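A.B. asks: build the 3D model from these lines:
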Amino acid sequence: MVPLSKRLFAEAFGTFWLVFGGCGSAVLAAAFPALGIGFTGVALAFGLTVLTMAYSIGHVSGCHLNPAVTLGLWAGKRFPARDILPYWVAQVIGATVAAAFLLSIANGKPGFELSPSGLAVNGYGPLSPGGYSLYAGFLIEIVLTAGFLIVILGSTDDRSPSGFAPIAIGLALTLIHLISIPVTNTSVNPARSTGPALLVGGLALQQVWLFWAAPLLGGSVGGIVYRLVAGDPPAPPVVGEDLTR
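C.D. replies: Presented below is the predicted three-dimensional model:
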């Protein structure tokens, strides 16, 4: 079994990669229309961060990179309760460090000013790219996080074809972003929301509660629904389950 300290480092680095790559594509690249990445490019960037990290650290920590995934795996009887909080702490640290790096790089452009919606923060109302309400944001975050967990649990099930889970999970996250960027700028991940919000502060930080509550609820629902449909896993819970199996 991989020691907890190594698993936590892997989770922190993996979440750093997710936020730096995904949010970085929005902050540094999507801001320039001439580059042409738009919403589609940002969605693909988030999917690629998870895909690449799943193959890189899946065998170390399980490559959760997301408190909602950690909780959902526990609800699906794939992860022990004792490791939930340490994983959450590592994930939030990784996301916050990534946001700090992004802010430092963005400050290298003359005239850059950190706006209330800077660093690709998540939000509703005035912080929603499409002006969507709190209710709409809460509902879509629950539904998409639940679906994400079902994809994760299904693709990593011992009864599924082996070796393809990172592809399915990365494409699922891409799809999720294509659907919900206009609504909340897409969270489905409390750590991804918290890192940028801590640096932006103000309204972004005031709204971050939704991006803990909704994804954690959705992740739990997804874990429970998968168990009801597919049954309990045939083996005992695996710490740091390898998503590349």
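A.B. asks: low-confidence ranges, the chain, go.
C.D. replies: 30-36, 233-245 (pLDDT under 70).
A.B. asks: who are the contact partners of the residue positioned nearest the centre of the chain?
C.D. replies: The centroid of the chain falls nearest to Asn189 when counting by CA atoms, centre = their mean (3.8 Å). By CB atoms under 8 Å, 6 or more residues apart in numbering, Asn189 lies in contact with Leu18, Leu65, Asn66, Pro67, Ala68, Val69, Phe211, Pro215. In this view, the C-beta of every residue, glycine as well, is placed from N, C-alpha and C.
A.B. asks: if we ignore the residues flanking it in sequence, what's nearest the third one?
C.D. replies: Spatially, and ignoring its direct neighbours in sequence, Asn66 is nearest to Asn189 (4.3 Å; CB to CB, 6 or more residues apart in numbering).
A.B. asks: any idea how far Trp209 is from that neighbour?
C.D. replies: Asn189 sits 14 Å away from Trp209, taking CB to CB, to the nearest Å as the criterion.
A.B. asks: what do you get for Ala54?
C.D. replies: Here the criterion is CB to CB. By it, Ala54 lies 29 Å from Trp209.
A.B. asks: in helices only, show me the contacts of Asn189.
C.D. replies: Leu18, Pro67, Ala68, Val69, Phe211, Pro215 (DSSP state H).
A.B. asks: Val42: which of the contacts of Asn189 is nearest?
C.D. replies: Leu18 (12.6 Å; CB to CB).
A.B. asks: near the closest one, how many other residues are there?
C.D. replies: Around Leu18 there are 29 other residues, counting by other CB atoms under 10 Å.
A.B. asks: picking that back up, for the ones in helices among the contacts of Asn189, give me JSON lines that also has distance to Leu102.
C.D. replies: Putting the ones in helices among the contacts of Asn189 into JSON lines (distance: CB to CB, whole Å) gives the following:
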{"residue": "Leu18", "distance to Leu102": "12"}
{"residue": "Pro67", "distance to Leu102": "20"}
{"residue": "Ala68", "distance to Leu102": "22"}
{"residue": "Val69", "distance to Leu102": "22"}
{"residue": "Phe211", "distance to Leu102": "18"}
{"residue": "Pro215", "distance to Leu102": "21"}
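A.B. asks: which ChimeraX command selects the buried ones in those residues?
C.D. replies: Applying 16 or more other CB atoms under 10 Å to the ones in helices among the contacts of Asn189, the buried members can be selected in ChimeraX as follows:
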select :18,67,68,69,211,215
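A.B. asks: re the thing from before, quick check: phi and psi on the residue nearest to the centre of the chain?
C.D. replies: phi -160, psi 100 (degrees, to the nearest 10).
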